[in-house]
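S.K.: quick check, what structure comes out for this input:
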Amino acid sequence: MYCVIILKDILSEFIFRRDFMGNTTKAQRNYGLDLLRMFAMFLIAVLHILGQGGVLNAAFSDADKYDAAWLLEIGAYCAVNCYALISGYVGLNSTFRYSGIIMLWLRVLFYTLSITAIFYFVMPQALVNGENTKDMFFIISEKWDNALFPVSTKQYWYFTAYFFCYFFTPILNKAVHTLERRQLKRALIAIVGTISIPALYTGNDAFWTSRGYSAIWLIVLYLVGAYMKKYNSFSYIGKFTALYGYLASVVLTWNIKILLTENLPEFTRPNLLVSYTSPTIIASGIFLFIFFKNLNPPKFFCKVIAFLSPLAFSVYIIHVHPLVWQHLMKDWFRPLADLPTPLMVVAVIGAALGLYLACSLIDLLRHYLFRLLRLQKLVFAAETGITEIFAGKGTNKKTAETDILSDKEATEELVEAVENTAAESPENQQDLSDTKDSENECIKV
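M.R.: Presented below is the predicted three-dimensional model:
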């Protein structure tokens, strides 16, 4: 019976153009950016299949396969930068609400607890992971602590960084609206250049950006995206020109990577440009952003995009859960490297698509469970009550509720823009100096 209700809801959301946040989609909504959220999450799945899945390591002995695998890797590397740009672009004119981050945190908590519980009952040895069984109680307790406190224990580096950034968005938006265009432009060029350029020469992380795995870098890209929104930057670049720019940035990065690896083996940093803060990766992300921003999907396809895009964040949360990451994702896709090079490329893309769809299907169940429990209404009601308390006795209750609900869609757009993110395991934040470890750092994206 409940399956029938779910099917009815799905059909009604297509017919009435409602997304999974419960909003009627608006004509002025940029569906190209919604599509970019989905595509960027697919690219992150590609990164993880190549890296944690073991394809890059397995392909090392075959030059053609190795080169092809790294072309896929570099082509997908700008995905996280794209999400940060989207967050600033969409979030600039959004109203800050605590309910947005609370709903996102509840989603993360749901998966950290449920996946840990599944492993506890189905694969309990995974929680111990070969450690001293005498300390089993403390080890398992630590796993549950990690599940209960996903932000403070950094279960997902991107979510922890975004959680921190979220509370800065009112300040960042105010700065973008207040500063003169020339001031803001010069400041952004100086900030991005200071972070990006010196690191190419020294290889040092002088500004604690962890090669882009940090809240600092997300804030910088948020400001870039907000600037692009306010001043309609790069409007003179058409979608096909942007696509060519993306491809050129990827090919340039790939050629330098292969050149340094195969022709200059004594060079200790072959992954010189393979970093979120690299100029070429930044450029590829901006070009890809412009390409999707200028897309105009067909009307029916817009309904599909609005229906599926809010699920993308859960694709990340599910398959990068530490237990899934270590015991299911690790080296699972190594056999793909045994295929002929063209088939290997197709297989990696197909596996990433399958991973994306499987996790999205799982999140459908989570979505309807949250709807059944009316969590979103409860969170907004709590926020309304707290707002009234802090507003004082003179605040009209009806006015306060109206203010909360009127800003609901704007808040959810901000959350959607950055929550569908994409992102990697905390293991990827290592900054190793020698060639072999530097190679492994990129492989573990």
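S.K.: tally of neighbours for residue 247?
M.R.: 14 (other C-beta atoms under 10 Å). Heads up, the C-betas are built off the backbone N, CA and C, glycines and all.
S.K.: state the helix or strand in which it lies.
M.R.: Counting by DSSP states H and E, the element that carries residue 247 is helix 239-258.
S.K.: phi first, then psi, for the closest residue to residue 78 other than its chain neighbours.
M.R.: In space, and not counting its chain neighbours, residue 78 is closest to residue 285: 3.6 Å by C-beta to C-beta, 6 or more residues apart in numbering. Phi and psi for residue 285, reported as degrees, to the nearest 10, are phi -70, psi -40.
S.K.: returning to that earlier point: residues of the helix holding residue 247 that come out buried?
M.R.: 242, 243, 245, 246, 249, 250, 252, 253, 254, 256, 257, 258 (16 or more other C-beta atoms under 10 Å).
S.K.: can you name the two of those residues that sit furthest apart?
M.R.: Greatest spatial distance among those (C-beta to C-beta): 242 and 258, at 24.8 Å.
S.K.: pick the one among the buried residues of helix 239-258 closest to residue 128.
M.R.: Using C-beta to C-beta, residue 257 comes nearest to residue 128 of the buried residues of helix 239-258, at 38.5 Å.
S.K.: who's in contact with residue 160?
M.R.: 150, 151, 154, 215 (C-beta atoms under 8 Å, 6 or more residues apart in numbering).
S.K.: picking up where we left off before, need the buried residues of helix 239-258 in CSV with pLDDT and distance to residue 46, can you?
M.R.: Formatted as CSV, the buried residues of helix 239-258 follow (pLDDT from 0 to 100; distance: C-beta to C-beta, whole Å):
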residue, pLDDT, distance to residue 46
242, 97, 20
243, 97, 18
245, 97, 20
246, 98, 15
249, 98, 17
250, 98, 13
252, 97, 20
253, 97, 16
254, 97, 14
256, 94, 20
257, 94, 16
258, 92, 19
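S.K.: make CSV from the residues you listed and add distance to residue 41 to it.
M.R.: Listed next are the buried residues of helix 239-258 as CSV, based on distance: C-beta to C-beta, whole Å:
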residue, distance to residue 41
242, 20
243, 19
245, 22
246, 17
249, 20
250, 18
252, 25
253, 21
254, 22
256, 27
257, 24
258, 27
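S.K.: nearest to residue 172, of those residues?
M.R.: The closest of the buried residues of helix 239-258, once distances to residue 172 are taken by C-beta to C-beta, is residue 242, at 25.0 Å.
S.K.: backbone phi and psi for the residue lying closest to residue 179 once chain neighbours are set aside, please?
M.R.: Once flanking residues are discounted, residue 179 sits nearest to residue 187: 7.4 Å by C-beta to C-beta, 6+ apart. Backbone geometry at residue 187, expressed as degrees, to the nearest 10, gives phi -60, psi -40.
S.K.: any idea how many residues pack against residue 174?
M.R.: 10.
S.K.: got phi/psi on it?
M.R.: With angles defined as degrees, to the nearest 10, residue 174 sits at phi -60, psi -40.
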